[in-house]
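1. Sequence first, predicted model second:
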Amino acid sequence: MPKSILSVNAGSSSIKLTFYTFELPPRELANAQISGITAPPPILKYTKGDQTHKEELKDKLSTPQDAFKTLLKRCFSDPELSEVASSDDLSYICHRIVHGGDYPEAVEINDETYHTLKGIEDLAPLHNFSALEIVRACRDDFPNLKNITYFDSAFHQSLPEHVKTYPINQQVARSHGLRKYGFHGISYSFILRSVSEFLNKPQEKTNLIVMHIGSGASICAIKDGKSVDTSMGLTPLAGLPGATRSGSIDPSLVFHYTNEAGKLSPASTKEMHISMAEDILNKQSGWKALTGTTDFSKIAVENPPSHEHKLAFDIIVDRMLGFIGNYFVKLDGQVDGLVFAGGIGEKSALLRKTLVEKSRSLGFAIDESKNNQGSKDDQTVFDISKESGSGRRVLVCQTNEQFDMAYNCILTKKQ
């Protein structure tokens, strides 16, 4: 029987597994995910073909590693998922790692690469720790399987030196790896390939302003198929506000916020060190700090329930417009499309409408009926431009990080 491939996308409070056939393009066999790990009860969602099962789990899952093992057990025990009955049916496991430091591309995990990644874990402790713990568990439990790590930061290795360099002492910067890295790169890789195919243009001739908007949000300027700037920086905290992230602020603010900014947060563990500053700006800020909810659909409404909800929406729009204008200039106005992606980018018609209307001086316009309709499940890229097929395009792309990892893994191994 042909081997399959597993893509793992681990976050701090959720984890997604997707099994694919080992062919180009890969075909999805099953998708399983658990959300709410840090905010019980955990919810399991399992999809195979056109069948979807959802349930609240009674078992306590305190870590993404626990959730990973639960998901694997669920998938391996499914009698209808004959292609994947055990780890013996897998060729590779692909892992999404947020911060890859200076790695320009995916790497196969061995003792050396694993310890290198552990060494830069402090650059993204809230993200890399959970993912690397799953990598470690896979190496322990399935020693004969190869683990390939894909990095959100790798797509942005093309950033020009003047963009990625911070104006600080460069000897200190180099010794500590302090520069702009950028993130959501696996998503941007998928979006670039999908949109360039939709536009019938080679990737190396495609110029885009792409927004990956979810509970964590970023924007990327792509020129000739390469990232030339992005809103996130040394860590995913910089740039746009998120559900619980502040986004870019005056660096001194946190020291006025608390005199304990440099101390360890109560959220720290023996293995994962998080400062109070990191905890405040990553977990106690964003639109939740303003409105009390992380659910953006309750904020992006025509008649917001409170001043705070309207304020949160206006702040997000304002910060995003700043980057859209900045990147439009950096691309010298040569923009093939303005692309919305990520859970919020794909679902919030009001956010898309507001941003495009406020960007009308740049030549963008949408068809309101298409925008309200949104993309369909079978459409990876959906055109909501006012005059589809002409002028600057406004597009919605249903991004898929698990697919992108599987696609690139198979592409590389088949060469």
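-> Perfect, thanks for sending it. This is a predicted model, so every value here is computed, not measured.

2. residue boundaries of the strands in the stretch 51-200 of the chain?
-> Along the stretch 51-200 of the chain, counting by DSSP state E, counting those that start in this stretch, strands occupy 51-56, 90-97, 107-108, 146-151.

3. Actually, the stretch 201-350 of the chain.
-> In the stretch 201-350 of the chain, the strands defined using DSSP E, counting those that start in this stretch lie at 208-213, 217-223, 226-230, 337-341.

4. so what does the last one touch, helix or strand wise?
-> Think strand 337-341. Counting contacts by 3 or more C-beta pairs under 8 Å, 6 or more residues apart in numbering; DSSP states H and E, strand 337-341 is packed against helix 185-199, strand 208-213, strand 393-397. The way it works is simple: take the backbone N, C-alpha and C, and place the C-beta from them, glycine included.

5. Kindly report the domain assignment for the chain.
-> 4-151, 200-247+287-401, 251-284 (automatic domain parsing).

6. Which positions are bridged to Lys45 in the beta structure?
-> Taking DSSP bridges as the rule, Lys45 bridges to Gln33, Lys54.

7. my guess is Val396 meets Ser375, correct?
-> Yes. Here Val396 lies in contact with Ser375, judged by C-beta atoms under 8 Å, at a distance of 4.8 Å.

8. returning to that earlier point: let's have the domains of the chain in CSV, adding distance to Leu178.
-> Putting the domains of the chain into CSV (distance: least, C-beta to C-beta, whole Å) gives the following:
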stretch, distance to Leu178
domain 4-151, 9
domain 200-247+287-401, 6
domain 251-284, 13
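
9. Nearest approach to Lys413 belongs to which of the ones you listed?
-> domain 4-151 (7.3 Å; C-beta to C-beta).

10. Count the neighbours of Phe183 for me.
-> Phe183: 30 surrounding residues under other C-beta atoms under 10 Å.

11. give the contact list for it.
-> Contact analysis of Phe183 by C-beta atoms under 8 Å, 6 or more residues apart in numbering lists Val98, His99, Asp152, Ser153, His156, Ser218, Thr230, Met232, Pro236.

12. one more time with 6 Å, if that's ok
-> By C-beta atoms under 6 Å, 6 or more residues apart in numbering, the residues touching Phe183 are Val98, Asp152, Ser153, Met232, Pro236.

13. which residue ranges form the helices in the stretch 1-150 of the chain?
-> Under the criterion DSSP state H, counting those that start in this stretch, the stretch 1-150 of the chain contains helices at 64-76, 111-119, 125-141.

14. Make CSV out of these and add distance to Tyr188, mean neighbour count and mean pLDDT.
-> Formatted as CSV, the helices of the stretch 1-150 of the chain follow (distance: least, C-beta to C-beta, whole Å; neighbours: other C-beta atoms under 10 Å; pLDDT from 0 to 100):
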stretch, distance to Tyr188, mean neighbour count, mean pLDDT
helix 64-76, 23, 19, 91
helix 111-119, 21, 14, 95
helix 125-141, 17, 20, 90
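
15. Generate CSV for these, with distance to Thr206 as supplementary columns.
-> Compiled in CSV, the helices of the stretch 1-150 of the chain are given as follows (distance: least, C-beta to C-beta, whole Å):
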stretch, distance to Thr206
helix 64-76, 35
helix 111-119, 31
helix 125-141, 28
